[in-house]
Structures are given as structure tokens and as C-alpha cells.
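Q: this is a predicted model, with the sequence first.
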Amino acid sequence: MRTWNWMTTAALLVAMSAAAQQAGGPQPSAQPAANDATQTAQPQASAPAPQPTQAPPPPVATPTTMDQVVNLFIEREHGLIKMLANRTPVVETYLQNLTADPQLGPVPSDDRYFLGRMDMGETADRTDYLKEQEKTMQNRLLGGFQKLYKVQYQPMGFSWMVYADRTDFDRAHYDFHYVRREFLGDVRCLVFDITPKKDAGRGRFLGRIWVEDQDFNIVRLNGTYSRAGRNTFFFHMDSWRLNLVPGYWVPSYIYSEEGDFSAGVKNRLAFKAQTRIWGYDLKKGGEADELTQIRVDSVKDESPTAQDASPLQAERVWQQQAEDNVIERLTGAGLVAPEGDVDRILQTVVNNLEVTNNIDLPRPVRTRVLLTAPLETFSVGNTIVISRGLVDVLPDEASLAAVLSHELAHNVLGHNLGSKYAFNDRMLFSDDSTYQNLGFKHIPEEEQAADKKAVDLLKNSPYAQKLDNVGLFLKMLQIRAGQLNALLTTHLGNPLAEAGAVNRLSALATQGPALDMNKLDQIAALPLGGRVKINPWDDKAEMVKTAPVAITSARDKMPFEVTPFFPRLARFGAGNQAPTAAPTNVASNTGN
Ligand SMILES: [Zn+2]
């Protein structure tokens with residue numbers, strides 16, 4: 001008999017309320033330590049320990065002069081380029097164009113979304129996950145840009161900012177000036193300013209780098225590329241790397257921002273963009289690889305005595321097979337995180353809804369995290385999938401319960417989708433055509449039925465008294481829906497809003513007080529990136545642990561907005577990683 005998990009819920013409330021920002025005023029007291037509960041139900045890895053996928057480089061002799069340090073980090077940069085040459089990570093860029101709002105400052109006016117696999121080899125290439133139709137749209141949108149600013153999206157858009165200079169990072173092309181020592185997170189760094197030599201040519205890095213003082217890898221680059229031509233334009237970027245494999249710091253986050261909103265400036269271009277890179281440890285997405293990668297799962301007979309399957313049992317096993325196929329395929333494509341920490345939090349919320357509504361489904365409901373930013377949920381069989389972006393922006397546990405309850409309702413109502421994926425041939429496609437080959441959109445009648453049922457479930461649940469917050473979230477979403485088309489464009493499930501109008505859980509949209517941006521204790525939606533962090537090497541998702549920061553003005557709220565990255569840097573094996581772990585399971589530990 002399942003019961004409410006008070007302990008985990010208490011910890012969850014902390015995790016869900018204190019994340020990216022918090023209203024000023026009294027803080028909740030006597031918070032239980034989030035760590036205690038989140039470690040109780042660590043999923044056991046049943047697979048054999050994976051082999052390290054990357055051997056560390058040989059240790060370096062301690063340099064005695066800054067000149068030697070420069071030589072070392074130049075050498076390590078070339079080593080990194082070589083190490084990553086056969087990798088094809090997933091690259092996601094989410095960009096918000098900005099317009100000035102007298103009250104809120106720069107706010108999104110519209111947005112763009114790019115998702116693809118990047119070939120880190122010499123020939124820079126980006127295969128695109130987005131559908132043909134969307135690509136054409138993208139090209140059209142970028143067409144205008146490309147005329148004005150030739151270089152920025154070619155060849156790889158924002159993702160080319162992973163290196164200072166892919167081909168000519170050396171003393172012949174650059175001058176290096178030591179600035180000072182500085183800590184980034186737990187890592188002591190040497191800071192250098194880099195300027196291209198006079199005749200070094202166009203598109204050279206100009207800015208500052210941070211080099212960790214143990215192996216002398218670059219861990220952060222901040223600057224731009226210089227000597228733009230008449231019709232070219234280079235973005236400014238802040239590019240961060242994480243020590244996810246011994247001896248190497250892999251490019252993980254890039255923040256870009258352009259625009260000047262001071263008086264008298266005529267904005268040619270104003271935007272903020274986040275680029276995230278993950279899936280370094282994924283198999284290459286080639287056709288031949290696909291065939292060896294796909295495992296045809298046999299259906300296991302778990303009954304103690306040999307029994308024939310009844311027609312209903314056969315139907316359930318069939319659906320389970322489809323569900324397993326899809327989740328495995330999406331994980332293999334780098335779109336769904338392996339089972340982990342965040343799933344336990346999601347499952348606790350689903351469990352709370354189930355227990356209080358006396359829901360007893362034949363198979364347990366599972367949850368998984370879609371690694372992408374666009375706000376979406378969908379289910380396949382009994383697995384509910386929710387995107388990282390959506391978990392990020394939800395203000396509290398009740399809002400999380402609300403979006404999960406819609407998918408749980410589909411389940412309870414038997415709206416099963418995707419049984420056709422029990423045929424394994426339907427899993428044989430290249431990673432970049434995932435969105436063309438999989439889809440879990442319900443018909444409008446099922447959507448309405450699920451929303452209705454979801455509200456019933458919520459009203460019977462521990463979240464019944466907190467539905468005002470859900471109402472506020474939906475109101476905030478409605479205010480921004482017209483400007484955030486790309487963030488609200490779903491790729492696998494039904495959208496939360498269409499044509500600028502929120503249609504999910506509309507019965508709750510009028511719930512709660514009026515939305516007031518000037519009320520600093522009213523947090524309707526959070527910025528992106530405040531809750532879930534992804535390990536770029538093995539795709540594991542975990543909750544971000546941040547200290548509350550008091551909001552001091554309406555501009556601090558930044559609902560659904562893009563903000564700079566400031567990851568807390570740590571060395572591999574220190575703090576947030578298991579000291580003896582192989583690179584493929586570095587994120588198996590919680591804590592940071
Ligand atoms: Zn639905």
C-alpha cells in the first residue's frame with residue numbers, strides 16, 4: 001500500500017521554492033535538508049559499471065614562468081580539440097529578442113530555437129533535429145539576419161563559440177597577457193587577456209580566458225571575435241566548460257547578449273541567448289551505428305508459474321514494450337535524461353496525486369526528463385515526460401503537480417498513445433530525424449477530457465489549497481505566450497499554448513489573485529535554468545541547489561527569461577562527483 005511521502009515532499013518543497021529566486025521578506029524557517037531525503041531512494045544501477053570513455057592526458061610538469069603556462073594551455077586547447085574531434089554532442093540554442101518595457105526593462109519580443117547534433121571534428125557540421133517545415137521557417141527568419149550579419153550562424157551558429165580559435169590558437173596569431181589569479185567556484189584560475197596580432201586576419205578571439213592552475217585547461221572564455229567585415233557581425237559570448245572527464249574541461253554553456261537600452265541608442269539588434277551542449281558520450285548518429293545500437297528487447301515473463309497471457313495482459317505487455325522502446329530510443333538520441341534524481345521528485349508528486357485520489361493503475365507511472373528547453377509534457381504508455389525548460393519555469397510544487405496531473409489524467413482515462421512503437425522497425429531511424437518519427441499528440445477531445453480530469457485530481461490532492469499559484473503561472477504564461485512562440489512550440493507532445501493563447505488547464509486560469517508584477521512576493525514563473533542542470537557528458541539531470549536571492553524589483557522576476565550562466569566550477573572527482581567514478585557515471589552522486 002503506497003502512502004504519502006511526507007519526508008520527500010517536505011524536501012521537495014524546499015527544492016521547488018528556493019530555486020532561482022525568492023521574494024524578499026521572511027524566509028521559511030526550519031527547512032529540512034534537501035540532501036537527506038533525496039538520497040533515500042537512489043535508483044540502483046543494474047548495468048555493469050561502464051568503462052571510462054576517455055583516458056586522461058599525461059600529467060604536466062609544474063611551469064615556472066607565465067610563458068610556460070601559455071605554452072601549456074595552448075597545448076591543452078589543441079588536446080581538447082583533438083579529444084572531442086569524434087564527438088557529436090547535442091547543441092541547443094534558445095534566443096530571446098528584446099524590447100524595452102518602461103517598467104520591466106528589456107523583455108522578450110520574440111524568440112528562436114535551434115537544436116541539432118554538432119560534429120566536433122574538423123569539418124564543422126550541424127545536423128538538425130527540427131522538422132523540415134520548421135527548418136524552412138528558421139532559414140527564412142535567419143535569412144534576414146544572414147544578410148546583415150553573415151558570420152554569426154555560419155557554420156554552426158552559436159555553437160562555434162566553444163573554442164577560442166579552432167585552427168590558429170597559437171603565439172603566431174595571438175598576444176597573451178597575464179592579468180591575475182582568481183577563483184571560479186572551487187577552482188583557482190590564472191586569468192589572461194588575449195588579443196589577436198595585427199595581421200592575424202578576421203574572426204580572431206578577443207577577450208579573456210580563465211585557465212585552471214593544475215592541468216592548465218581553459219575553463220572559461222569571455223569576449224568576442226574581432227575585425228568584423230562590413231557585412232559581418234560577431235556576437236559577444238561567455239563560454240563555460242566543466243571538468244566532466246579526468247584531465248579535460250568540456251564546453252558546456254555559452255551565454256550571448258547584445259543590445260544597448262540606454263537613452264539615445266537606436267537598437268540594431270538586442271537579444272539574449274543560452275546555448276547548452278550535452279550528449280558528449282552519445283553514440284554517433286550514423287545509420288550503421290543505429291543498427292548496432294538498437295537492442296530488440298524481449299518481453300520477460302515475470303509470473304512465477306507458466307501462464308498464458310489473457311488478451312488484456314497481452315495488450316498491456318504490448319503497450320509496455322512500446323513505452324520501453326520509445327524511452328530507450330529518446331535516451332539514445334540524447335533527448336531524454338537517464339533515470340535519476342529529478343525523476344524521484346517528479347514521481348513523488350505523481351504518487352501524491354495517485355494516493356489521494358485512490359488511483360491504482362495496473363502498471364506504475366514512471367517519469368522522465370526531456371532534456372530540451374521548450375515547455376512541454378507528453379506521455380507514452382505509463383511514462384510521463386516533462387521538459388527541463390518546463391520544470392525550470394514552474395514556480396512551485398503545486399504548479400508541477402498541475403502539469404503532471406494532465407498527463408496522469410491521460411493515463412487514468414486510458415488515452416494510450418504510441419502502441420505502434422512496439423514494432424521495433426519503427427525505432428530504426430537516425431537521431432536527427434527523431435521528431436519526424438515519433439509523436440504523442442492527443443486529439444482535442446482527449447486534451448479537454450484530460451484537463452477536466454486533472455482539475456478533479458488536483459482538487460482531491462494535497463495541492464488543492466495551492467491552486468492559486470497554478471492560476472498565477474497560467475496568467476503569466478498568457479501574458480508572454482504571444483512573444484515566446486519558439487519556447488511554446490512542442491516537438492513531441494501537445495502545446496501548452498497555441499497561437500498566443502494558453503489552452504492547458506484553462507479551468508484554473510482564472511484561479512487566484514490578479515497578476516501584479518510590482519508585488520514582489522508574487523512569483524508567477526521563474527527564469528529558465530533555475531532548477532534542473534544536465535551533465536553534458538552523460539546527460540544525467542539533477543536539481544540545481546541555489547541559495548535564495550531576494551527579489552528587490554519587478555525586473556528581478558524575469559519570468560520565462562534567459563539569464564547568464566554562472567556554473568559553480570569544481571574539479572572532476574571533487575565535491576559533486578564520485579572520486580572513483582568512470583566518466584560515464586560522474587553524475588550518479590547528488591550534492592554540489
Ligand atoms: Zn494532453
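A: All right, it came through fine.
Q: what does the longest helix belonging to the chain contact?
A: The longest helix of the chain (DSSP state H) is helix 311-332. For helix 311-332, the surrounding residues in contact (Cβ atoms under 8 Å, 6 or more residues apart in numbering) are 282-283, 293-295, 297, 299, 309, 336-338, 362-363, 368, 370, 380-383, 385, 416, 418-422, 424, 426-427, 431, 434, 438, 539. Quick note: C-beta positions are derived from backbone N, CA and C, even for glycine.
Q: and the stretch 451-592 of the chain, which of its residues are near the ion?
A: Within the stretch 451-592 of the chain, the positions near the ion by Cβ under 5 Å from the ion are N494.
Q: give me phi/psi at the residue in the stretch 451-592 of the chain positioned nearest to the ion?
A: Of all residues in the stretch 451-592 of the chain, N494 sits closest to the ion, at 4.6 Å by Cβ to the ion. Main-chain torsions, N494, degrees, to the nearest 10: phi -70, psi 140.
Q: excluding its backbone neighbours, what's nearest it?
A: K441 (5.2 Å; Cβ to Cβ, 6 or more residues apart in numbering).
Q: list the contacts of that neighbour.
A: By Cβ under 8 Å, 6+ apart, K441 lies in contact with 378, 417, 492-494.
Q: if we use 10 Å, what do you get?
A: The contact partners of K441, taken as Cβ atoms under 10 Å, 6 or more residues apart in numbering, are 378, 417, 447, 490, 492-495.
Q: point out where the stretch 251-400 of the chain drops to low pLDDT.
A: Scanning the stretch 251-400 of the chain for pLDDT under 70 picks out the ranges 265-268, 284-306.
Q: the chain too?
A: Checking the chain against pLDDT under 70 turns up 1-53, 122-160, 227-233, 265-268, 284-306, 575-592.
Q: repeat that for 50
A: Applying pLDDT under 50 to the chain flags residues 1-51, 123-126, 133-157, 285-294, 296, 576-592.
Q: that one against the ion: which residues are in contact?
A: When proximity is defined by Cβ under 5 Å from the ion, the chain lies next to the ion at 442, 447, 450, 494.
Q: closest one to G121 out of the residues you listed, please.
A: Among those, N494 lies closest to G121 (Cβ to Cβ), at 37.8 Å.
Q: count the residues that sit near L458.
A: Counted with other Cβ atoms under 10 Å, the neighbours of L458 add up to 28.
Q: burial count for K198?
A: Residues lying near K198 (other Cβ under 10 Å) number 6.
Q: distance check, it against G185.
A: Distance of K198 to G185, given as Cβ to Cβ, to the nearest Å: 36 Å.
Q: and what of N424?
A: According to Cβ to Cβ, N424 stands 45 Å off from G185.
Q: do the same with S433
A: According to Cβ to Cβ, S433 stands 38 Å off from G185.
Q: try D432
A: According to Cβ to Cβ, D432 stands 34 Å off from G185.
Q: same question for E397.
A: 29 Å.
Q: show me where the stretch 251-400 of the chain has strands.
A: Assigned by DSSP state E, counting those that start in this stretch, the stretch 251-400 of the chain shows strands spanning 271-278, 366-370, 377-380, 383-387.
Q: re earlier: between D432 and G185, point out the one with more neighbours.
A: Neighbours were tallied for D432 and for G185 using other Cβ under 10 Å; the higher tally belongs to D432 (19 against 15).
Q: what about the more buried one, which SS state?
A: With DSSP: H, G, I helix; E, B strand; the rest coil as the basis, D432 sits in helix.
Q: in the top strand by length along the chain, what's buried?
A: When the chain is parsed with DSSP state E, its longest strand is strand 105-119. By 16 or more other Cβ atoms under 10 Å, the buried positions in strand 105-119 come out as 106-119.
Q: hey, what's the angle from it to strand 271-278? Just curious.
A: 30 degrees (axes from the mean of the first three to the mean of the last three Cα atoms, to 10 degrees).
Q: now do the contacts for A270.
A: By Cβ under 10 Å, 6+ apart, the neighbours of A270 are 96-100, 106, 109, 257-261.
Q: dig out what the closest residue to D341 other than its chain neighbours forms beta bridges with.
A: Closest residue in space to D341, ignoring its immediate chain neighbours: E542 at 4.6 Å, by Cβ to Cβ, 6+ apart. Under DSSP bridges, the beta-bridge partners of E542 are K533.
Q: for R531, see how far away E542 is.
A: Distance, E542 to R531, using Cβ to Cβ: 10 Å.
Q: how many neighbouring residues does Q307 have?
A: Neighbours of Q307 (other Cβ under 10 Å): 9.
Q: and what of the one 5 residues further on?
A: As a burial measure, L312 scores 9 neighbours (other Cβ under 10 Å).
Q: with G264 instead?
A: 5.
Q: pull up the gap between it and the ion, please.
A: Separation of G264 from the ion (Cβ to the ion, to the nearest Å): 49 Å.
Q: list the contacts of that residue.
A: By Cβ under 10 Å, 6+ apart, G264 has no neighbours at all.
Q: one more: S256?
A: Neighbouring residues of S256 by Cβ under 10 Å, 6+ apart: 93, 95, 152, 158, 161, 224, 235-239, 271-275, 562, 564.
Q: show me which of these are buried.
A: Buried by 16+ other Cβ under 10 Å: 93, 95, 152, 158, 161, 224, 235, 237-239, 271-275, 562, out of these.
Q: now for these: which two are most distant?
A: Across those, the longest distance by Cβ to Cβ is 18.4 Å; it joins T224 and V562.
Q: returning to that earlier point: who does the longest strand of the chain touch, helix- and strand-wise?
A: The helices and strands touching strand 105-119, judged by 3 or more Cβ pairs under 10 Å, 6 or more residues apart in numbering; DSSP states H and E, are strand 90-101, strand 125-128, helix 132-148, strand 271-278, helix 467-481.
Q: can you tell me the strand partners of it and which way each runs?
A: strand 90-101 (antiparallel), strand 125-128 (antiparallel).
Q: quick check: angle from that strand to helix 467-481?
A: Inter-element angle recorded for strand 105-119 and helix 467-481: 80 degrees (by the same axes, to 10 degrees).
Q: how about strand 105-119 as PDB, C-alpha atoms only?
A: C-alpha atoms of strand 105-119 as PDB (Å, rounded to 0.1, in the frame of the first residue of the first chain):
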ATOM      1  CA  GLY A 105      13.300  46.800 -18.600                       C
ATOM      2  CA  PRO A 106      14.300  44.600 -21.600                       C
ATOM      3  CA  VAL A 107      11.600  41.900 -22.100                       C
ATOM      4  CA  PRO A 108      11.300  39.300 -24.800                       C
ATOM      5  CA  SER A 109       9.700  40.500 -28.000                       C
ATOM      6  CA  ASP A 110      10.000  37.200 -29.800                       C
ATOM      7  CA  ASP A 111      12.200  34.100 -29.700                       C
ATOM      8  CA  ARG A 112      14.100  31.500 -31.700                       C
ATOM      9  CA  TYR A 113      15.100  27.900 -31.100                       C
ATOM     10  CA  PHE A 114      17.800  25.800 -32.600                       C
ATOM     11  CA  LEU A 115      18.500  22.100 -31.800                       C
ATOM     12  CA  GLY A 116      21.000  19.900 -33.500                       C
ATOM     13  CA  ARG A 117      23.900  17.500 -33.200                       C
ATOM     14  CA  MET A 118      27.300  19.100 -33.800                       C
ATOM     15  CA  ASP A 119      30.200  17.300 -35.300                       C
END
